[in-house]
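*Asks:* here's my sequence, what's the structure:
(chains A and B)
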Amino acid sequence: MARMTMIEAVRSAMDVSMGRDDNVVVFGEDVGYFGGVFRCTQGLQAKYGKTRCFDAPISESGIVGTAIGMAAYGLKPCVEIQFADYMYPAYDQITQEAARIRYRSNGDFTCPIVLRMPTGGGIFGGQTHSQSPEALFTHVCGLKVVVPSNPYDAKGLLIASIEDPDPVMFLEPKRLYNGPFDGHHDRPVIPWSKHDLGEVPEGHYTIPIGKAEVRRKGSAVTVVAYGTMVHVALAAAEETGIDAEVIDLRSLLPLDLDAIVQSIEKTGRCVVVHEATLTSGFGGEIASLVQEHCFYHLEAPVVRVAGWDTPYPHAQEWDYFPGPARVGRALVEVMEA
Amino acid sequence: MSDPDRLSLHVPEPAVRPGGEPDFSNVKIPKAGSVPRPEIDVAPEAIRDLAYSIIRVLNRDGEAVGPWAGLLSDDELLAGLRHMMMLRAFDARMVMTQRQGKTSFYMQHLGEEAVSCAFRKALNKGDMNFPTYRQAGLLIADEYPMVEMMNQIFSNESDPLRGRQLPIMYSSKEHGFFTISGNLATQYVQAVGWAMASAIKNDTKIAAAWIGDGSTAESDFHSALVFASTYKAPVILNIVNNQWAISTFQGIARGGSGTFAARGLGFGIPALRVDGNDYLAVYAVAKWAAERARRNLGPTLIEYVTYRVGAHSTSDDPSAYRPKTESEAWPLGDPVLRLKKHLILRGAWSEERHTQAEAEIVDAVIQAQKQAEGHGTLHAGGKPSVRDIFEGVYAEMPPHIRRQRQKAGY
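*Replies:* This is a model prediction of the structure:
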């Protein structure tokens, strides 16, 4: 076992995958010689050569379109979109192409690609470096959507994504790259080296896509979260003293509905948390599923905590980010309902 | 030659990486004054070679030579020098404030000052720029107040954009400066649309689109060229080739086309390459293109050959991907020093006056900074309200956003 940051963990996942399968190729903006603006691909070009890891022109539609073509040939491209906010020029290729290649060709062609993209706020990135577009992917049939919350999961899920036969949107919460950020932006950064889930095997392992994990056992209320919000929810539970059970979805699609239902049958209450904007966010999907599957167990309405329905502001970042105080208020609200 | 039966992937590489000796021998620099100046109604196919050459006015001795020279008076050139020096001093102070934590982020223009400063003087009031993040010279040269720029950079209580935008992503309709976006190339095709609107309304205004070498790879760049070509839109399509797109050298976006200007040729758009570090050349070529647009002759594509001396942004460290001394080896020199030399040669300037002007400009920047800091900086003093998060999403706030604002306590 080694101690890894989330950056090192995703790098290790690509390294292991490239070493095991020479059909795995990595490309994207600045990922070659430089190793990516977040350094996730550092050293891969030197190790595997410039036809396995290379710089792409600044054209996200080009990056995803060529990845689809490579996958049609038989390669397994794992490409980086520099920020999730930059994926929109590729949205046609993602939603109407990658997602449907298998369906429309009845399996004659497939699209085993992975799009890695840093997501979420917390670095004063403003409206074009802070977005969480996961619901724009879960709404599209044919895509898998993965959001890890720690280095151990990031590596195992990324290897599983690369080995998956279908296109996977792999969203890396950038504020978690260097430590388990719980929303207390005014406190010193805790590094992953001080956290159990920063302990990562060096070799190959996978974590199944579609399996949630309970991060905190509790009996009072179920908090459904993913990515950065897992850590925020854990902090909110500690700070309110409410015995919340915190579920880390890890994968939004496929979704581990059983884990959610089992927990709510026990707690009878549910708070859904995400950083993305509220309206038509993935929390709405969770809330619907909860009322369909757990209605008779619910003792209070499901509450959502999310980013406000505005673009991500720059200066007021911490008034926008749904931090532990806001999650804590929701916990109190759902307990008092 | 490799085995003809086996394919191999071509991945372009820059000439030199860190640790190597900088080498710009592949950048062919024609003599100043050697490129002809065609009539503005010239057929694009008659000037194809201008897309592969470099129009230059200032020679090594500081003289203005050739058919593109002679357009600017002493006073206009002195103003141009002052604008470039202001932009440079402004950048230096703002990089420092970023290090001091007074702002989150900054992007400087070092080495590229001539491009936006000279270009602005070729436009008229009412024309519209659709800039990227490295054309603040358009504002400086239009006498936009530095303190307003700083208020935006510091996201303070007087920030005209209410804290919503990343630092340096200015917006000023009054100064012909379209709101900057943080993503890439989107503005390029929007500029064409603005120009088409001006033509639809039989107006006299023209538009200018801006993009960097790297972003020309985006689809919006190509869409812009199609629309500009089809509708003969009154737009100047500017490409600032500063050699580096963060860590990616310009060959990755340029591919096999030889130059970025040559991208225009297939669209039948006159395409010119110009020395981006030569204030006089930038102005002359911009003026030529502006005249074409105003006479309803359609778009012009201009590639400014320059060099990004500084980091891409305050988040970047170029020593990781290019030799540290590369900027010193850049063969087109420093735009400020070249114009200074020319003005001294003209008898309009002196070393003493330059030194004095430098001190005055730094003083003016510091005064503006003091004033702006009085309104706060990112983490201290006056700031925009939390209320500002919710305002301006729509002209009229819908009920669900009002509820969220109330929930936030405002």
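
*Asks:* name the element residue 82 belongs to?
*Replies:* Because you didn't say which chain, this covers chain A. A:Gln82 is located outside every helix and strand, with elements delineated by DSSP states H and E.

*Asks:* not what I meant, chain B
*Replies:* With secondary structure defined by DSSP H and E, B:Arg82 is part of helix B:74-99.

*Asks:* give the buried residues for that helix.
*Replies:* By 16 or more other Cβ atoms under 10 Å in any protein chain shown, the buried positions in helix B:74-99 come out as B:77-91, B:93-95, B:97-98. Any C-beta I mention is one placed from the backbone N, CA and C, and that applies to glycine too.

*Asks:* do the same with stretch B:198-206
*Replies:* Taking 16+ other Cβ under 10 Å as the basis for neighbour counts, the residues of stretch B:198-206 that come out buried are B:Ser198, B:Ala199, B:Lys205, B:Ile206.

*Asks:* same check, this time on stretch A:87-95
*Replies:* Within stretch A:87-95, the residues that qualify as buried are A:Met87, A:Tyr88, A:Pro89, A:Ala90, A:Tyr91, A:Gln93, A:Ile94, A:Thr95, counting by 16+ other Cβ under 10 Å.

*Asks:* since we're on the nearest residue to B:Ala199 once chain neighbours are set aside, how many residues are nearby?
*Replies:* Spatial nearest neighbour of B:Ala199, excluding adjacent residues (Cβ to Cβ, 6 or more residues apart in numbering or on different chains): B:Pro234 at 5.9 Å. B:Pro234: 28 surrounding residues under other Cβ atoms under 10 Å in any protein chain shown.

*Asks:* for chain B, what is the nearest residue in the stretch 101-250 of chain A?
*Replies:* For the stretch 101-250 of chain A, the nearest residue to chain B under the criterion Cβ to the nearest Cβ is A:Thr128, separated by 2.9 Å.

*Asks:* quick check: closest non-adjacent residue to the spatially most central residue of chain B.
*Replies:* Residue closest to the average C-alpha location in chain B (Cα atoms, centre = their mean): B:Gln135, at 3.6 Å. Nearest-residue entry for B:Gln135: B:Ser116, 4.1 Å, with adjacent residues in sequence omitted and distances by Cβ to Cβ, 6+ apart.

*Asks:* re the thing from before, how about the secondary structure of the residue nearest to the centre of chain B?
*Replies:* Secondary structure of B:Gln135, reduced to three states by DSSP: H, G, I helix; E, B strand; the rest coil: coil.

*Asks:* how about it, what does it touch?
*Replies:* Contacts of B:Gln135 were listed using Cβ atoms under 8 Å, 6 or more residues apart in numbering or on different chains, and they are B:Val115, B:Ser116, B:Asn129, B:Trp210, B:Val240.

*Asks:* helix or strand for the fourth one, which one?
*Replies:* Element membership for B:Trp210, per DSSP H and E: strand B:207-212.

*Asks:* all strands for chain A, in order.
*Replies:* For chain A, the strands defined by DSSP state E occupy A:2-3, A:24-28, A:53-55, A:76-80, A:114-119, A:144-146, A:168-173, A:199-200, A:213-216, A:221-225, A:244-248, A:251-253, A:270-277, A:303-307.

*Asks:* which stretches in the stretch 101-250 of chain B count as strands?
*Replies:* Secondary structure of the stretch 101-250 of chain B, counting by DSSP state E, counting those that start in this stretch: strands at B:128-130, B:207-212, B:235-241, B:244-245, B:248-249.

*Asks:* on the pLDDT front, check B:Met1 for me.
*Replies:* In the predicted model, B:Met1 carries a pLDDT score of 56.

*Asks:* ignore what I typed, I meant A:His195.
*Replies:* 97.

*Asks:* quick check: it touching A:Asn178?
*Replies:* No: using Cβ atoms under 8 Å as the test, A:His195 is too far from A:Asn178 to be in contact (11.1 Å).

*Asks:* got a list of what B:Thr216 touches?
*Replies:* Taking Cβ under 8 Å, 6+ apart as the definition of contact, the neighbours of B:Thr216 are B:Ala185, B:Ile239, B:Ala253, B:Arg254, B:Phe260, B:Arg263.

*Asks:* let's see 10 Å
*Replies:* Contact criterion Cβ atoms under 10 Å, 6 or more residues apart in numbering or on different chains gives A:57-59, B:184-185, B:188, B:222, B:224-225, B:237, B:239, B:241, B:245, B:250, B:253-254, B:257, B:260, B:263, B:303 as the residues in contact with B:Thr216.

*Asks:* before we move on, the earlier item: which of the strands of chain A is buried the deepest?
*Replies:* For the strands of chain A, the stretch with the most neighbours on average is strand A:221-225, a mean of 30; neighbours defined as mean count of other Cβ atoms under 10 Å in any protein chain shown.

*Asks:* average pLDDT across that strand?
*Replies:* Taken as a whole, strand A:221-225 has an average pLDDT of 98.

*Asks:* show the buried residues in the contacts of B:Thr216.
*Replies:* Among these, those scoring as buried are A:57-59, B:184-185, B:188, B:222, B:224-225, B:237, B:239, B:241, B:245, B:250, B:253-254, B:260, B:263, B:303 (criterion: 16+ other Cβ under 10 Å).

*Asks:* near B:Gly298, how many other residues are there?
*Replies:* When neighbours are counted by other Cβ under 10 Å, B:Gly298 registers 21.

*Asks:* all helices for chain A, in order.
*Replies:* Using DSSP state H, the helices of chain A run over A:6-20, A:44-48, A:60-73, A:91-92, A:101-104, A:134-138, A:151-163, A:228-240, A:257-267, A:282-294, A:317-320, A:324-336.

*Asks:* can the second one be said to contact chain B?
*Replies:* Yes: under the criterion of Cβ under 10 Å from any Cβ of the partner chain, chain B is reached by helix A:44-48 at A:Gln45.
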